[in-house]
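Asker: sequence first, then the predicted structure:
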Amino acid sequence: MRSATNWGGVPPLSGAYAGPMSAPSVDDRMIEVAAHLATVLEAVVPIVPEMRDVAAARGRVLRHPVVAAVDVPGFDSSAMDGFAVRGLGELPATLRVVADLPAGAVDDPRLDAGEAARIMTGAPVPSDATAIVPFEDTVHGLAGGLDPVTVVAAPRGVGAHIRRRGSDVRAGDLVVADGVRLTAARVGAIAASGVGMVSVARAPRVAVVSTGSELVPPGGVLRRGQIPESNSVLLAALAEEAGAEVVLRTSVGDEGDGPRRAIVAAEAAGADVVVFSGGVSAGAYEVVKNTLGDLMRFDRVRMQPGKPQGFGRSAAGTLLFGLPGNPVSAAVSFELFVRPALRALEGDVDLGRESLRVALAADRRARPERVQYVPVRLDRRDPARWIAVPTANGTRGLGEADGLAVIPPSIDDVRAGDLVTVTRW
């Protein structure tokens, strides 16, 4: 099982989902956040990696370590624009310039005492040279071309301003370990080490399905009892922010076999994951729970918001998530369970988000039976003391949030000024 951020402040529990996943759970007890996450991660089978040009690999997770194919630098090179010299003697010293070496030069001119070669940054250093004199330490700098040059300040010692072959990386050295996401700096380091192709995971493919007969596409005309359908937009955006590719975004009503048909359509589009929102609670029209009991297990998780959760797999192995229909609950549930699964599919060794300890701006009532996830805005006006300010309830407050403050189960309330863990978006 992969490790992840310990959102609930409790250790993962083994065996929490013992038994076949053949029918909806009717157990009224709640399970721990870590137990549900453990079951999700145990079901993840990482995506088969593919070879990709390093120039097109940024943002993907490296699946095999990269070792340098060449020494970096591959030769002794100049770290400055100036003059390669072989000893100087007393200063000022006027030297005869016998060669001009730009970057990419192949010549290795002989240097005797009293001679120099004008050289540019990155150019190979003549074998006879003992140091580089920066042009700032000469009378006329680089303007004199091959005219004699007068040096007025000595290099700090033998080898000054010379980058020795292999001083950055030796051929065979590890450049980037596997299991990390490739940043611009990492792909640059790989390319500089002479490696052109890397083994990476493709982006996970996700289908997002909202449920509810009351849903109307955003911007549509609303009749009594209808609401704009926003969860699929929210969850698809969260999936894309997590590095996934959304291959299907749709909604189904509260009656019929819409969820099962959505799975068929998702798998036809190549989805690795299907995320349902709504239809997983205890009402009479919970369409996901009512139609997918042979594929998913439904539980009450010891968390607020997001207590009702569903998870399972299709016959083809597609991961199926059932999230609550409330947008804030859906977003929190995505962060806790879906996002780590997407990263695990890619083989990422880091499944969590950045977290920090921050003072909470207001009192918060703790719940002894569940962990709370509170959307907060980070007040950064005092760089030495950030403050987590709870945002307004609902989707508007969620849109203003920088992350989630974690309030562990407790009989003691949290007071303004107390430190809490905040996981940043």
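Answerer: Cool, the structure landed.
Asker: surely V275 touches V338?
Answerer: Yes - counting by C-beta atoms under 8 Å, V275 touches V338, with 5.9 Å between them. Yep, even glycine has a C-beta here, placed from its N, CA and C like the rest.
Asker: the two: which is more packed in?
Answerer: Higher neighbour count among V275 and V338: V275, with 32 against 26, using other C-beta atoms under 10 Å.
Asker: any idea which element that one lies in?
Answerer: Element membership for V275 (DSSP states H and E) is strand 273-277.
Asker: now do the next helix or strand after that strand: distance to the chain's middle.
Answerer: Moving toward the C-terminus from strand 273-277, the next helix or strand (DSSP H and E) is helix 287-291. Here helix 287-291 is found 33 Å from its chain centre; the criterion is C-alpha atoms, centre = their mean, to the nearest Å.
Asker: buried stuff in stretch 348-368?
Answerer: Across stretch 348-368, burial judged by 16 or more other C-beta atoms under 10 Å covers 348, 350-353, 355, 358, 360-361, 364, 367.
Asker: measure it end to end?
Answerer: Counting by C-alpha to C-alpha, to the nearest Å, you get 34 Å between the two ends of stretch 348-368.
Asker: tell me the gap between it and the middle of its chain.
Answerer: On C-alpha atoms, centre = their mean, the centre of stretch 348-368 falls 19 Å from the chain's centre.
Asker: stretch 169-188 now?
Answerer: Mean-position distance between stretch 169-188 and its chain equals 15 Å (C-alpha atoms, centre = their mean).
Asker: what sits against A160?
Answerer: By C-beta atoms under 8 Å, 6 or more residues apart in numbering, the residues touching A160 are 131-132.
Asker: go again with 10 Å.
Answerer: Each residue near A160 by C-beta atoms under 10 Å, 6 or more residues apart in numbering is listed here: 79-80, 85, 130-134, 154.
Asker: out of the residues you listed, which is nearest to L378?
Answerer: A79 (41.2 Å; C-beta to C-beta).
Asker: surely the closest one touches A103?
Answerer: No - using C-beta atoms under 10 Å, A79 makes no contact with A103, being 12.0 Å away.
Asker: residues shared between the contacts of the two?
Answerer: Residues touching both A79 and A103 (C-beta under 10 Å, 6+ apart) are 121-122.
Asker: show me which of those two is the more surrounded one.
Answerer: Neighbours were counted for A79 and for A103 using other C-beta under 10 Å; A79 has more, 16 against 12.
Asker: quick one, what contacts the more buried one?
Answerer: A79 is in contact with 73, 121-122, 125, 132, 134, 160-163, 167, counting by C-beta under 10 Å, 6+ apart.
Asker: now these in JSON lines, with distance to A113, pLDDT and secondary structure?
Answerer: What follows is the contacts of A79, written out as JSON lines (distance: C-beta to C-beta, whole Å; pLDDT from 0 to 100; DSSP: H, G, I helix; E, B strand; the rest coil):
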{"residue": "P73", "distance to A113": "27", "pLDDT": "96", "secondary structure": "coil"}
{"residue": "T121", "distance to A113": "25", "pLDDT": "97", "secondary structure": "coil"}
{"residue": "G122", "distance to A113": "26", "pLDDT": "96", "secondary structure": "coil"}
{"residue": "V125", "distance to A113": "17", "pLDDT": "98", "secondary structure": "coil"}
{"residue": "I132", "distance to A113": "16", "pLDDT": "98", "secondary structure": "strand"}
{"residue": "P134", "distance to A113": "20", "pLDDT": "97", "secondary structure": "strand"}
{"residue": "A160", "distance to A113": "17", "pLDDT": "97", "secondary structure": "coil"}
{"residue": "H161", "distance to A113": "19", "pLDDT": "97", "secondary structure": "coil"}
{"residue": "I162", "distance to A113": "18", "pLDDT": "98", "secondary structure": "strand"}
{"residue": "R163", "distance to A113": "24", "pLDDT": "97", "secondary structure": "strand"}
{"residue": "S167", "distance to A113": "27", "pLDDT": "97", "secondary structure": "coil"}
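Asker: drop anything exposed from the residues you listed.
Answerer: Buried residues within the contacts of A79, counting neighbours by 16+ other C-beta under 10 Å: 73, 122, 125, 132, 134, 160-163.
Asker: for the stretch 301-425 of the chain, which segments count as strands?
Answerer: Assigned strands in the stretch 301-425 of the chain, in chain order: 303-304, 308-313, 319-323, 355-360, 371-379, 387-390, 403-407, 419-424 (criterion: DSSP state E, counting those that start in this stretch).
Asker: buried stuff in the helix or strand where R249 lies?
Answerer: In this structure, R249 is located in strand 245-252 according to DSSP H and E. By 16+ other C-beta under 10 Å, the buried positions in strand 245-252 come out as 246-249, 251-252.
Asker: quick one, domains of this protein?
Answerer: 30-47+202-346, 50-71+168-200, 77-163, 355-424 (automatic domain parsing).
Asker: winner for burial among these?
Answerer: Mean neighbour count (mean count of other C-beta atoms under 10 Å) peaks for domain 30-47+202-346 among these, with a mean of 20.
Asker: re the thing from before, let me have the buried residues of strand 245-252 in TSV, extended by distance to L292 and pLDDT.
Answerer: Compiled in TSV, the buried residues of strand 245-252 are given as follows (distance: C-beta to C-beta, whole Å; pLDDT from 0 to 100):
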residue	distance to L292	pLDDT
V246	21	98
V247	19	98
L248	16	98
R249	19	98
S251	16	96
V252	12	97
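Asker: where do the helices of the protein begin and end?
Answerer: Assigned by DSSP state H, the chain shows helices spanning 33-42, 184-192, 231-241, 258-268, 287-291, 327-333, 339-346, 394-400.
Asker: for those, which has the smallest mean pLDDT value?
Answerer: Ranked by mean pLDDT, the helices of the chain bottom out at helix 394-400, with a mean of 93.
Asker: which residues outside that helix are in contact with it?
Answerer: Residues contacting helix 394-400 (C-beta under 10 Å, 6+ apart): 230-231, 234, 326-328, 330-332, 374-377, 389-392, 404, 425.
Asker: quick one: contacts for the residue most central in space within the chain?
Answerer: The chain has R181 as the residue nearest its centroid, 6.0 Å off, counting by C-alpha atoms, centre = their mean. Counting by C-beta under 10 Å, 6+ apart, R181 touches 58-62, 200-201, 243, 343, 346, 348-350.
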